[in-house]
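1. Fold the following.
(2 chains)
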Amino acid sequence: MPNLKDLKNRIESVKSTRKITKAMQMVAAAKLRRAQDAAEAGRPYAERMSAVMGGLAASVGNSDGAPRLLAGTGSDQTHLLVVLTAERGLCGGFNSTIVRLVRSRIADLQAHGKTVKLLTVGKKGREQLRRDYADLMVGHVDLSDVKRVGYANAAEIAGDILARFDAGEFDVASIYFNTFQSVISQIPTETQIIPAKFDAPEADDASTLYDYEPSEEAILEDLLPRGVATQIFSALLENGASEQGARMSAMDNATRNAGEMIDKLTIEFNRSRQAVITNELIEIISGAEAL
Amino acid sequence: MADMMQFDLVSPEKRLASFEASSVQIPGADGDLTAMPGHSPVITTLRPGVVRVQSADGDKSYVVTSGFVEVTAGSVSVIAERAHAGDEVRKDDLSDLLEEARAKAASAEADQKDGAEKFVADLVQLLEDMD
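-> A predicted model of the protein is given here:
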């Protein structure tokens, strides 16, 4: 039977763990609200952008002069996987679910004889993927110093990717991140960013015929790189909200588990204390009887 | 014909403005244009400049640096990569951007040089106009 002193120490240590997880949960909750607001605020821009580009792409897309960002390089031999994860751990399965999706995708692509390259954003994803795929990594973006992810960060990542595309390093790029569904559910998602894909414009949009100034091609040429940045930006925002949501529920669980553990240990502590008292009483009584 | 139309100004990070306007002056890539209700649908890219909006609550101006505009008969949507309300923009914000643009223009490939230099020239013009 563990002695009383040890039990007491354990209870104290679990109690302070519970305090920490509780604090982390509350911080995550506050950050989650901010992240959700940011994701909400960015939505109108992204929607407009893809609506206009979708319209343009539909009219220009099939002509021979379509930009490479839209038409692709004509091959799909080399794939660049852009993996967005968190900079910090303690957020449940958040990072692992993305990494699992990426792993299965890599295995799939390699089985089909494709070349895979990895660009990681966020420290945790790099750590997990480095073990098996260190030779596939072509770059890493560190956002650990960034307090609030802004459009400038996304533009930087997009610039990096576009430069690689222009240099012919890959044919197809996809981005992997967690879509925020709710605090308890984040869905790992794959989106292809190069060549750009758009949902077909809705039928009622097609009735508006726009004049384009300068030409359709010139606007599309101008917009496509921005479109890449916009997609990355919304993915970053989604990912940010998901991370905080995942951390919040993970810390909520941890706090609850710590509470249960404290209850269990307290019962054990009381039992041992009573046992000690009973023992002492028996000794005293038998001592008295012996006289 | 309605005498008001919907004006929206969105940047990647937030929706900066959304209200009814009677006319909007836009710095288009190929020259300024003023959109009034009933304007034929146009999509144009922006050059750095000032968007001026007339509305029932008075005139407002916004400094935009790049992006595009979608004009329809009943609405004007400015989708700007960087935008500031006219009265809170500071020249420092823009001079950083100017530095960046100059560096880009200096290192740009031949086929993009014209565009990059035009961007710098437009920014310089914008800064002068603000004095």
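2. residue ranges for the strands of the chain, please.
-> With no chain named, the answer covers chain A. A:78-84, A:115-121, A:137-141, A:172-182, A:185-194, A:211-213 (DSSP state E).
3. should've been chain B
-> Using DSSP E, strands in chain B cover B:5-10, B:15-21, B:23-28, B:31-35, B:42-45, B:49-55, B:58-72, B:75-85.
4. could you point out the longest helix in the chain?
-> Because you didn't say which chain, this covers chain A. Counting by DSSP state H, the longest helix found in chain A is helix A:216-290.
5. I was after chain B.
-> The single longest helix within chain B, with elements called by DSSP H, is helix B:110-130.
6. And that one, what does it pack against?
-> strand B:49-55, strand B:58-72, helix B:91-107 (3 or more C-beta pairs under 8 Å, 6 or more residues apart in numbering or on different chains; DSSP states H and E). For every residue, glycine as well, the C-beta is placed using N, CA and C.
7. wait, does the longest one contact chain A?
-> No. Remark: helix B:91-107 sits outside contact range of chain A, by C-beta under 8 Å from any C-beta of the partner chain, the gap being at least 10.4 Å.
8. Dump the C-alpha coordinates for that helix into PDB.
-> C-alpha atoms of helix B:91-107 as PDB (Å, rounded to 0.1, in the frame of the first residue of the first chain):
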ATOM      1  CA  LYS B  91       1.800  57.400 -45.900                       C
ATOM      2  CA  ASP B  92       4.200  55.100 -44.000                       C
ATOM      3  CA  ASP B  93       2.000  52.100 -44.900                       C
ATOM      4  CA  LEU B  94       2.300  52.900 -48.500                       C
ATOM      5  CA  SER B  95       6.000  53.800 -48.600                       C
ATOM      6  CA  ASP B  96       6.800  50.300 -47.400                       C
ATOM      7  CA  LEU B  97       4.800  48.900 -50.300                       C
ATOM      8  CA  LEU B  98       6.600  51.300 -52.600                       C
ATOM      9  CA  GLU B  99      10.000  50.000 -51.500                       C
ATOM     10  CA  GLU B 100       8.800  46.500 -52.100                       C
ATOM     11  CA  ALA B 101       7.400  47.300 -55.500                       C
ATOM     12  CA  ARG B 102      10.600  49.100 -56.500                       C
ATOM     13  CA  ALA B 103      12.700  46.100 -55.500                       C
ATOM     14  CA  LYS B 104      10.300  43.900 -57.500                       C
ATOM     15  CA  ALA B 105      10.500  46.100 -60.500                       C
ATOM     16  CA  ALA B 106      14.300  46.100 -60.400                       C
ATOM     17  CA  SER B 107      14.500  42.300 -60.300                       C
END
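9. so it versus helix B:110-130, what angle?
-> Computed by axes from the mean of the first three to the mean of the last three C-alpha atoms, to 10 degrees, the angle separating helix B:91-107 from helix B:110-130 equals 160 degrees.
10. so where's chain A uncertain?
-> Residues of chain A that meet the criterion pLDDT under 70 lie in A:1-2, A:61-66, A:199-208.
11. Can you pull up the residues of it that come close to chain B?
-> A:38, A:41-42, A:44-46, A:48-49, A:52, A:56, A:150-151, A:154, A:208-214, A:218-219, A:222-223, A:226, A:229-230, A:233.
12. Can you turn the buried subset of these into a selection I can paste into ChimeraX?
-> Provided next is the ChimeraX selection string for whichever of the residues of chain A next to chain B are buried by 16 or more other C-beta atoms under 10 Å in any protein chain shown:
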select /A:38,41,42,44,45,46,48,49,52,56,151,154,210,212,213,219,222,223,226,229,230,233
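13. can you tell me which residue is nearest the centre of chain B?
-> When C-alpha atoms, centre = their mean is applied to chain B, the residue found nearest the centroid is B:V64 (3.8 Å).
14. Tell me who's in contact with the spatially closest residue to that one that is not a sequence neighbour.
-> Leaving aside its sequence neighbours, B:V64 sits nearest to B:A80 (C-beta to C-beta, 6 or more residues apart in numbering or on different chains; 4.2 Å). Residues in contact with B:A80 (C-beta atoms under 8 Å, 6 or more residues apart in numbering or on different chains) are B:L9, B:V10, B:S11, B:L46, B:Y62, B:V64, B:T65, B:S66, B:G67.
15. ok, the first one - how many residues close by?
-> Other residues near B:L9 come to 25 when the count uses other C-beta atoms under 10 Å in any protein chain shown.
16. Pick out the residue in the stretch 51-200 of chain A sitting closest to chain B.
-> Nearest to chain B in the stretch 51-200 of chain A, going by C-beta to the nearest C-beta, is A:Y151, at a distance of 4.0 Å.
17. pretty sure that residue is in contact with B:E81, am I right?
-> Yes. Applying C-beta atoms under 8 Å, one finds A:Y151 in contact with B:E81, separated by 7.3 Å.
18. Buried subset of the contacts of B:A80 as a ChimeraX selection?
-> Only the buried entries of the contacts of B:A80 go into this ChimeraX selection, using 16+ other C-beta under 10 Å:
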select /B:9,10,11,46,62,64,65,66,67
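19. Please tabulate the contacts of B:A80 in CSV, including the columns pLDDT.
-> Below are the contacts of B:A80 laid out as CSV (pLDDT from 0 to 100):
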residue, pLDDT
B:L9, 90
B:V10, 89
B:S11, 87
B:L46, 88
B:Y62, 87
B:V64, 87
B:T65, 82
B:S66, 82
B:G67, 85
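20. follow-up on the earlier one: what comes up buried for the longest helix of chain B?
-> Of all the residues in helix B:110-130, those buried under the rule 16+ other C-beta under 10 Å are B:A116, B:E117, B:F119, B:V120, B:D122, B:L123, B:L126.
21. Closest one to chain A out of these, please.
-> Proximity of the buried residues of helix B:110-130 to chain A (C-beta to the nearest C-beta) peaks at B:F119, which lies at 11.2 Å.
22. residues contacting that closest one?
-> Going by C-beta under 8 Å, 6+ apart, the list of residues near B:F119 reads B:R47, B:P48, B:S66, B:A101, B:A105.
23. give me that answer again for 10 Å
-> B:F119 makes contacts with B:R47, B:P48, B:T65, B:S66, B:L97, B:L98, B:A101, B:R102, B:K104, B:A105, B:A108, as judged by C-beta atoms under 10 Å, 6 or more residues apart in numbering or on different chains.
24. returning to what we had before: any idea how far the residue nearest to the centre of chain B is from A:I232?
-> Relative to A:I232, B:V64 is positioned 21 Å away (C-beta to C-beta, to the nearest Å).
25. For A:L84, give the beta-bridge partners.
-> A:L84 forms beta bridges with A:V121, as assigned by DSSP bridges.
26. hmm, back to that, who wins for proximity to A:A275 among the helices and strands packed on helix B:110-130?
-> Closest approach to A:A275 among the helices and strands packed on helix B:110-130 (C-beta to C-beta): helix B:91-107, 72.3 Å.
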